[in-house]
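Q: structure here, sequence nowhere to be found:
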């Protein structure tokens with residue numbers, strides 16, 4: 001039996017987004033959250049876009065109460081740039 005491994009671009013994009021979101025959502029120590037997001041952005045090659053959009057700057061990155069907001073912002077960033 002042969003397994004079909006052909007995926008559409010949209011399926012591949014969704015898989016990458018889900019994996020990235022899992023990676024940052026599972027950070028239990030908020031002091032490592034910014035670094036984990038930075039590494040994930042670098043892994044996908046979006047450092048320049050993140051810099052231009054100031055994704056990783058701002059005081060909320062040091063406030064654990066803002067984690068949900070930051071996760072949402074990263075998700076929107078990935079939705080925009082994963083093509």
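A: Alright, I've got the coordinates. Keep in mind that what you see is a predicted model, and the values were worked out from it rather than measured. Numbering: from 1, shown residues only.
Q: show the contacting residues for residue 23.
A: Counting by CB atoms under 8 Å, 6 or more residues apart in numbering, residue 23 touches 36, 40. For glycine as for every other residue, the C-beta is placed from the backbone atoms N, C-alpha and C.
Q: quick check: which element contains it?
A: Taking DSSP states H and E as the definition, residue 23 sits inside helix 9-25.
Q: helices of the chain, residue ranges please.
A: Along the chain, counting by DSSP state H, helices occupy 9-25, 33-43, 47-52, 67-81.
Q: buried set for the shortest one?
A: Going by neighbour count (16 or more other CB atoms under 10 Å), the buried part of helix 47-52 is residue 50.
Q: what is the rounded mean pLDDT of that helix?
A: Average pLDDT, helix 47-52: 97.
Q: next, the angle helix 67-81 makes with the lowest-mean-pLDDT helix or strand in the chain.
A: Counting by mean pLDDT, DSSP states H and E, the chain has its least confident helix or strand at helix 9-25, which shows a mean of 88. Between the axes of helix 9-25 and helix 67-81, defined by axes from the mean of the first three to the mean of the last three CA atoms, to 10 degrees, the angle is 160 degrees.
Q: now do helix 9-25: distance to the chain's middle.
A: Averaging C-alpha positions (CA atoms, centre = their mean, to the nearest Å) puts helix 9-25 8 Å from its chain's average.
Q: got the angle for that helix vs helix 33-43?
A: Taking the same axes, to 10 degrees, helix 9-25 and helix 33-43 form an angle of 150 degrees between their directions.
Q: what comes up buried for helix 9-25?
A: Quick answer for helix 9-25 (16+ other CB under 10 Å): 17, 20, 24.
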